[in-house]
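1. structure here, sequence nowhere to be found:
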């Protein structure tokens, strides 16, 4: 495989888009937490505390996703710098480290999405009979 200056440059757009997606998830959760806190202060609903605990864990994961993505981006730039100064062997190791950190970031993202799905399942658990009835009605309509 030929390793040139353009090889690490290919990751720039991918990492940038990932960081944008992570930031959007963070902002959405921050807004949700703020509104849930207001609801909790008014109602003292214990269910909201459990949901906010889940959101706090997810915010922690998103912070780690962002950190790994940013460090991956840094090593990608460092790799290009090393290639520019004709240190290809060192640049390849740095690029490998960048890819590894990107994989960690993606894994943490996967875990955070799993937590999100589980939280939604818990939220919908008490509506299961109504949802089942609606799905049955929809299946009859499609025929």
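-> That came in fine, so what should we check first? Because the structure is predicted, anything quoted here is derived from the model rather than measured.
2. for residue 98, give its distance to residue 11.
-> 7 Å (Cβ to Cβ, to the nearest Å). Heads up, the C-betas are built off the backbone N, CA and C, glycines and all.
3. find the residue ranges of this structure scoring beneath the pLDDT cut-off.
-> 1, 131-132, 134, 137, 141-143 (pLDDT under 70).
4. which SSE is the residue positioned nearest the centre of the chain in?
-> Central residue of the chain (Cα atoms, centre = their mean): residue 109, 3.5 Å from the mean position. Residue 109 is part of helix 88-124 when elements are defined by DSSP states H and E.
5. common neighbours of residue 98 and residue 11, please.
-> Listed contacts common to residue 98 and residue 11 are 72, 73, 76; contacts here mean Cβ atoms under 8 Å, 6 or more residues apart in numbering.
6. could you count how many residues lie near the nearest residue to the second one once chain neighbours are set aside?
-> When you say that, I think you mean residue 73. For residue 73, ignoring the flanking residues on the chain, the nearest one in space by Cβ to Cβ, 6 or more residues apart in numbering is residue 15 at 4.7 Å. A count of nearby residues for residue 15, using other Cβ atoms under 10 Å, gives 19.
7. just the shared contacts of residue 98 and residue 11 now: which is nearest residue 34?
-> Checking these against residue 34 with Cβ to Cβ, the nearest one is residue 73 at 28.8 Å.
8. my guess is the closest one contacts residue 19, does it?
-> Yes - contact status for residue 73 versus residue 19: in contact at 7.3 Å, counting by Cβ atoms under 8 Å.
9. neighbour-wise, which of the two wins?
-> residue 73 (21 against 17).
10. no further questions, thank you.
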